[in-house]
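Chemist: below: sequence and its predicted model.
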Amino acid sequence: MTPTDGPSNQLKRQLSLFDSIMIVAGIVIGSGIFLTTGIMAESLPSASWIMIAWLVGGLITLCGGLVYAELGAALPEAGGQYIYLREAYGNLVAFLNGWVIFLVYMCGGIAMLAVAFAEYFGALVPFFSTSNEWFAISGFSISVGQLLAFVLVMGFSLINYIGVLFGKNVQNLLSVIKLVAIGFFIFFGLFASSGNVIEWSLDTGGLNFGEWVTRFGAVLLLVFWAFDGWNNVNFVAGEIRDPARNIPRTLVISISLISLVYLLINYVYFKALPMDQIVGVVTIAESASTALLGPMATLFLTIAILVAIASSLNGSVLVGARVYYAMAKDGVFFKKMAQIHPRFQTPGFSIIVQGLWAGLLVFMGNVEQLFTYMIFSAIIFWVITVYSVFTLRKKRPDLARPYKTWGYPVTPIVFILACLALLLNTLMESPVESLFGLWVTVLGIPAYFYWKGRNK
């Protein structure tokens, strides 16, 4: 891979509105919606409050999406959030965000999705189970499932290495199959007969107001986790055609669509099972499909979940590398990651490095826990990115803004206040995990000065 000069060293705008929507839907609708409701019910065993949490989470996410729409339309460059933070607050803050994305958040998320795929596939084909040991030495072991996860990461990295068109076509195919399969599950679930009567009471089960707020916050954090990735389409803003129109449309349409899908899926869960059979059940989707539609439906749903995870994995690989590409262009990361492949027109070296690091994280037994620790830092960066809409309007009033945030300044304030409340609740409930995320972020400060000095 040799760098080229001039326009050939720039990313090409090859993504349509449909492609962009499929990227968001593909990344966001992964395994989260099929796992979280039973965990939520442990904190708030109420169908009404859980549905309200999904609705509130969707509306808050939409408020954030409206702000990212303005930022993406005004600064339609590869890197998305990294670019907005750089323009608003300078290189160090932007780098710390990119550092977290590379070190744990994006690469850890890719590894976690690959391991989740292996676990579900292992349930269908036991040979590939993550509990089936393939290699062991001196206390270190590798399972067949982990090996499969590594191959998946490198396979999707190769797909996106050899062209945006190839990568987006794979993404579109997987996302469409996933949405159709989920649509069938919702349709038959809505009309299937069930002896269960949903209890829509708003009773808090004897909790006082403080306890209810804390538990609702914990539930809302899981909702945010299930919506995670809604802003990732901005990472590929430099490759979206007519970004002034398509970035706002993508965010509004995709977030609204995902919110509707999540509400309908949860309604099917509550229709299928009484609350005492939902509380603490991680495999809530399989339990609900078996109760409503029988064992064959569960097999169908498992295959649909595999497609959903594969779609999320491919989308994450596609968008993530653009952040490191933008960092390298600014001289604060490995220089080669700023190179565009002369034939494939992709940030090939960035994709490969991302794949190798994510592949290594696959072999960590606690990658999911590590990723969860970084949610706290991720939300902090969401907050300061959304606040940058205020900063940039003052700092760069002359910046062309083809789209301006609907409901400004109310919508960004709503998003910021909701996230701050969530951060406070998370810090009180999980102080160790939250501080770990901040510690990893702070480690990026010496790294920033190292690369800045090296590439000066």
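Modeler: Right, received. Where do you want to start? Numbering: from 1, shown residues only.
Chemist: show the contacting residues for Ala74.
Modeler: Contact partners of Ala74, counting by Cβ atoms under 8 Å, 6 or more residues apart in numbering, are Leu392, Leu399, Ala400, Arg401, Pro402, Tyr403. Every residue, glycine included, has its C-beta placed from N, CA and C.
Chemist: the first one: neighbour count?
Modeler: A count of nearby residues for Leu392, using other Cβ atoms under 10 Å, gives 20.
Chemist: next SSE after the helix or strand hosting it?
Modeler: Assessed by DSSP states H and E, Leu392 sits inside helix 375-395. Counting by DSSP H and E, the next helix or strand C-terminal to helix 375-395 is helix 410-429.
Chemist: give the other helices and strands that that next one contacts.
Modeler: On a contact count with 3 or more Cβ pairs under 8 Å, 6 or more residues apart in numbering; DSSP states H and E, helix 410-429 meets helix 47-74, helix 209-227, helix 375-395, helix 431-442.
Chemist: who's in contact with the nearest residue to Leu59 once chain neighbours are set aside?
Modeler: Of all residues not flanking Leu59 in the chain, Ser259 sits nearest, at 7.8 Å (Cβ to Cβ, 6 or more residues apart in numbering). When contacts are counted by Cβ under 8 Å, 6+ apart, Ser259 is found next to Trp54, Leu55, Gly57, Gly58, Leu59, Thr61, Leu62.
Chemist: which among these count as buried?
Modeler: Taking 16 or more other Cβ atoms under 10 Å as the criterion, what is buried in the contacts of Ser259 is Trp54, Gly57, Gly58, Thr61, Leu62.
Chemist: now render the contacts of Ser259 as a markdown table, adding distance to Val281 and pLDDT.
Modeler: Putting those into a markdown table (distance: Cβ to Cβ, whole Å; pLDDT from 0 to 100) gives the following:
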| residue | distance to Val281 | pLDDT |
| --- | --- | --- |
| Trp54 | 17 | 96 |
| Leu55 | 22 | 96 |
| Gly57 | 20 | 94 |
| Gly58 | 23 | 95 |
| Leu59 | 27 | 96 |
| Thr61 | 25 | 95 |
| Leu62 | 29 | 96 |
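Chemist: between which two of the residues you listed is the distance greatest?
Modeler: Pairwise distances across the contacts of Ser259 peak at 12.6 Å for Trp54 and Leu62 (criterion: Cβ to Cβ).
Chemist: just the helices from the stretch 251-400 of the chain, written as ranges.
Modeler: Assigned by DSSP state H, counting those that start in this stretch, the stretch 251-400 of the chain shows helices spanning 284-293, 295-329, 348-362, 367-373, 375-395.
Chemist: redo the contacts of Ser259 as a markdown table? Include distance to Leu301.
Modeler: Output for those, formatted as a markdown table (distance: Cβ to Cβ, whole Å):
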| residue | distance to Leu301 |
| --- | --- |
| Trp54 | 19 |
| Leu55 | 24 |
| Gly57 | 23 |
| Gly58 | 23 |
| Leu59 | 28 |
| Thr61 | 25 |
| Leu62 | 28 |
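Chemist: give me the below-cutoff pLDDT ranges for this protein.
Modeler: 1-9, 130, 135-140, 365-373, 456 (pLDDT under 70).
Chemist: tell me the SS of the most centrally placed residue in it?
Modeler: Nearest to the geometric centre of the chain sits Gly229, at 2.7 Å (Cα atoms, centre = their mean). Here Gly229 is coil, with the state taken from DSSP: H, G, I helix; E, B strand; the rest coil.
Chemist: ok, it to Ala88 distance?
Modeler: With distances taken as Cβ to Cβ, to the nearest Å, Gly229 is found 22 Å from Ala88.
Chemist: how near is Val180 to Ala308?
Modeler: Distance of Val180 to Ala308, computed by Cβ to Cβ: 11 Å.
Chemist: buried residues in stretch 179-194?
Modeler: For stretch 179-194, burial by neighbour count (16+ other Cβ under 10 Å) applies to Leu179, Ala181, Ile182, Phe185, Ile186, Gly189, Ala192.
Chemist: check stretch 32-40 too.
Modeler: Gly32, Ile33, Phe34, Leu35, Thr36, Thr37, Gly38, Ile39, Met40.
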